[in-house]
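Asks: mind looking at a prediction? Sequence and model below.
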Amino acid sequence: MSLTVNSLRWRTLTSGGGAVHGQRSAPVGPGDRDPQLLVALCRTRADLAPDGDQVLAALARDACRPLSVAEHAARHGMTPAGLRTAVRRGAGCGPKDYLLGIRLGRAQRTLAATELPVAAVARRVGYDDPAYFSRLFTRRVGMAPLPGPTGTHGPGRLERPRPRPRRPTDDRTPAHDMTPGSRPPHPARATPTPHGPPDPRHVMWTPMTTSNNREVDPAIRAELGRLRESIDNIDAAVVHMLAERFKCTQQVGHLKAAHHLPPADPNREAQQIARLRRLAESANLDPAFAEKLLNFIIAEVIRHHERIAEDALNGVKPPVN
Ligand SMILES: O=C(O)C(=O)C[C@]1(C(=O)O)C=C[C@@H](O)C=C1
């Protein structure tokens, strides 16, 4: 079967409901989806030049070393411009941004997994000035770096709340916390602040909601209903895909435990992130969001791997497939 990601994406979405593409075909229920197609999509790999992959993986390996972009380029026999083109093609961003993402991702994980002070983590990922590191971290991650794991469930690296006082006129999108159950505050429920009433631009959202018992124009309700049917189908597809992914990663976990391989593989992750950022960019999805989502999923997988490795050490037999 020869399927490209784009044709799969198109077929998957169009099979789930016409509203996604502006057509008016009747949306179908989750039972009508072709699970084979979803699984095929899970298993399909987008094309990425292997040498591009290698450059990104090598950059990821060296990311915390005190090297300039020109020095990184020279290590690969490239000019800085050539390196910029290769990284942009593979990761959807320039080398500086790519290296920064790798450094801060590592810092996030080290902070979540250890009790090391921020200055020590900063040094580990290549920053001698902890204040400068904190500024970069806060700007990119959306919260200040804090040492130590927080929360009792889920992966640590995305789950810390990031309280940033919102001024009434501050309409920048907040970085989303991915703690299960947590959401950005509902704008329409914004409470008056010491500076005055809630931002009227936010309160404008209220008439679009249907859960506050207001009368809603039947045509609008019907349109909303059609869109929500497609959203429900897409959510169902996401759940099925994640379930397939976790089935694969469980097997990887058992394989790693049986052969004493470490649960995490940072080089593989760097390649996955670069690839996903590139795919996100071509799909008009925010690459930073795609990276955050993948990090969130991988952190959960690593937790599973660690548990499987622990079970293996305690003599718990893996399930028979
Ligand atoms: O490929 C692996 O080695 C995995 O364990 C799977 C996976 C993933 O979820 O994609 C999880 C952890 C690793 O750090 C890298 C990737």
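Replies: The structure has been received and is ready for your questions. Numbering: from 1, shown residues only.
Asks: what about dumping the CA coordinates of the helix or strand harbouring Ala270 to CSV?
Replies: In this structure, Ala270 sits in helix 266-282 according to DSSP states H and E. Output of helix 266-282 as CSV, limited to C-alpha atoms (Å, rounded to 0.1, in the frame of the first residue of the first chain):
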residue,chain,number,x,y,z
PRO,A,266,17.2,11.7,23.4
ASN,A,267,18.6,11.4,19.9
ARG,A,268,15.5,9.7,18.6
GLU,A,269,13.4,12.3,20.3
ALA,A,270,15.3,15.1,18.7
GLN,A,271,14.7,13.5,15.3
GLN,A,272,11.0,13.0,16.1
ILE,A,273,10.6,16.6,17.2
ALA,A,274,12.4,18.0,14.2
ARG,A,275,10.2,15.9,11.9
LEU,A,276,7.0,16.8,13.7
ARG,A,277,7.8,20.5,13.7
ARG,A,278,8.3,20.2,9.9
LEU,A,279,5.0,18.4,9.4
ALA,A,280,3.2,20.9,11.6
GLU,A,281,4.5,23.8,9.7
SER,A,282,3.4,22.3,6.4
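Asks: and the next helix or strand after that helix, what other elements does it pack with?
Replies: Later in the chain than helix 266-282, the nearest helix or strand by DSSP H and E is helix 287-313. Counting contacts by 3 or more C-beta pairs under 8 Å, 6 or more residues apart in numbering; DSSP states H and E, helix 287-313 packs against helix 95-113, helix 218-258, helix 266-282. C-beta here means a position set from N, CA and C on the backbone, and glycine is covered the same way.
Asks: helix 287-313 vs the ligand: in contact?
Replies: Yes - applying C-beta under 6 Å from any ligand atom, one finds helix 287-313 touching the ligand at 298, 301-302, 305.
Asks: helices or strands next to the helix holding Ala270 in the packing?
Replies: Short answer (3+ C-beta pairs under 8 Å, 6+ apart): helix 266-282 packs on helix 50-62, helix 80-91, helix 95-113, helix 287-313.
Asks: looking at the ones you listed, which is buried most?
Replies: helix 95-113 (a mean of 21; mean count of other C-beta atoms under 10 Å).
Asks: give me the angle between that helix and helix 287-313.
Replies: 40 degrees (axes from the mean of the first three to the mean of the last three C-alpha atoms, to 10 degrees).
Asks: give me the mean pLDDT for the following helix or strand past helix 95-113.
Replies: Using DSSP H and E, the helix or strand that follows helix 95-113 in sequence is helix 118-124. Averaging pLDDT along helix 118-124 gives 93.
Asks: can you give me the buried ones in helix 118-124?
Replies: 118-119, 121-123 (16 or more other C-beta atoms under 10 Å).
Asks: just put those in a markdown table and tack on distance to the ligand.
Replies: A markdown table is the format used below for these (distance: C-beta to the nearest ligand atom, whole Å):
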| residue | distance to the ligand |
| --- | --- |
| Val118 | 24 |
| Ala119 | 26 |
| Val121 | 19 |
| Ala122 | 23 |
| Arg123 | 23 |
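Asks: ok, so of those, who is nearest Lys292?
Replies: Distance to Lys292, by C-beta to C-beta, is smallest for Val121 among the buried residues of helix 118-124, at 19.1 Å.
Asks: check what pLDDT the residue of the stretch 101-250 of the chain found nearest the ligand gets.
Replies: Nearest residue of the stretch 101-250 of the chain to the ligand, counting by C-beta to the nearest ligand atom: Thr249, 4.8 Å away. You'll see Thr249 listed with a pLDDT of 97.
Asks: just give me the neighbour total for it.
Replies: 19 (other C-beta atoms under 10 Å).
Asks: now the one 5 residues further on
Replies: Residues within reach of His254, counting by other C-beta under 10 Å, total 18.
Asks: ok, and the closest non-adjacent residue to it?
Replies: The shortest distance from His254 to any non-neighbouring residue, by C-beta to C-beta, 6 or more residues apart in numbering, is to Pro318 (4.4 Å).
Asks: quick check: that neighbour touching Lys256?
Replies: No - with contact defined as C-beta atoms under 8 Å, Pro318 does not reach Lys256; the gap is 11.2 Å.
Asks: mutual contacts of those two, please.
Replies: Shared contacts of Pro318 and Lys256, defined by C-beta atoms under 8 Å, 6 or more residues apart in numbering, are found at Ile308.
Asks: these two: who's more crowded?
Replies: Lys256 (19 against 15).
Asks: the more buried one reaches Gln250, doesn't it?
Replies: No - between Lys256 and Gln250 there is no contact, the gap being 10.7 Å when judged by C-beta under 8 Å.
Asks: the residue of the stretch 101-250 of the chain closest to the ligand contacts His304, doesn't it?
Replies: Yes - at 6.7 Å, Thr249 counts as touching His304 under the criterion of C-beta under 8 Å.
Asks: one step back: pick the most deeply packed of the helices and strands packed on helix 287-313.
Replies: Most buried among those, counting by mean count of other C-beta under 10 Å: helix 95-113, with a mean of 21.
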